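pasting a predicted model and its sequence here:
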Amino acid sequence: MDSTTLKLDTIVSDGVGASEFGVREIKLKGDETRHLSEQIQAVNFRMRISPVGYNSDYHVAGDPTLLVILKGQIVVTLASGHSKGFGAGDMFVAEDYLEKGTEFRSGLHGHKAEVVGSSELTALHLKLERR
């Protein structure tokens, strides 16, 4: 992270129904002791615990949601087969969705997640907005 921009991994829609990894940049302002973003509104938050071996079906986030991994490890795999791992201290925004009228097809759309390693997953889900 440089001193003026925080880069967050994202899971976004490519505009034609497939999910892909991307980056969201958040501008920070400050001095040599701290850098802060502008206030970012949020809708709600939830806490999550999932056991080792948890493996979801393919799905889309729908509403943009910031996930902060507090404990454990999760691997997110896109329908394209690309995957990324996230562990304690990592955060990312899941914001993939389907356009109105598009029927969800597992393995073609979205992403899935699997808890790996030897520790259960503890995460914070912060819904940023309603789509």
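All right, it came through fine. Numbers count the residues shown, from 1 in each chain.

and the gap between the residue nearest to Ile40 when sequence neighbours are not counted and Pro51?
Closest residue in space to Ile40, ignoring its immediate chain neighbours: Leu128 at 6.9 Å, by C-beta to C-beta, 6 or more residues apart in numbering. All C-beta spots, glycine's among them, are computed from the backbone N, C-alpha and C. Relative to Pro51, Leu128 is positioned 27 Å away (C-beta to C-beta, to the nearest Å).

same check, this time on Ile11
Note on Ile11: its distance to Pro51, by C-beta to C-beta, is 22 Å.

cool, and Gly101?
Noted for Gly101: a distance of 36 Å to Pro51, by C-beta to C-beta.

these two - which one has more neighbours?
Here Gly101 and Pro51 are compared on neighbour count by other C-beta atoms under 10 Å; more neighbours surround Pro51, at 10 against 5.

can you pull the pLDDT of the more buried one?
Pro51 carries a pLDDT value of 98.

OK, contacts around it?
Going by C-beta atoms under 8 Å, 6 or more residues apart in numbering, Pro51 touches Val115, Glu120, Leu121.

and it, how far is that from Gln39?
Taken as C-beta to C-beta, the span from Pro51 to Gln39 is 35 Å.

just the mean pLDDT for stretch 94-106, thanks.
91.
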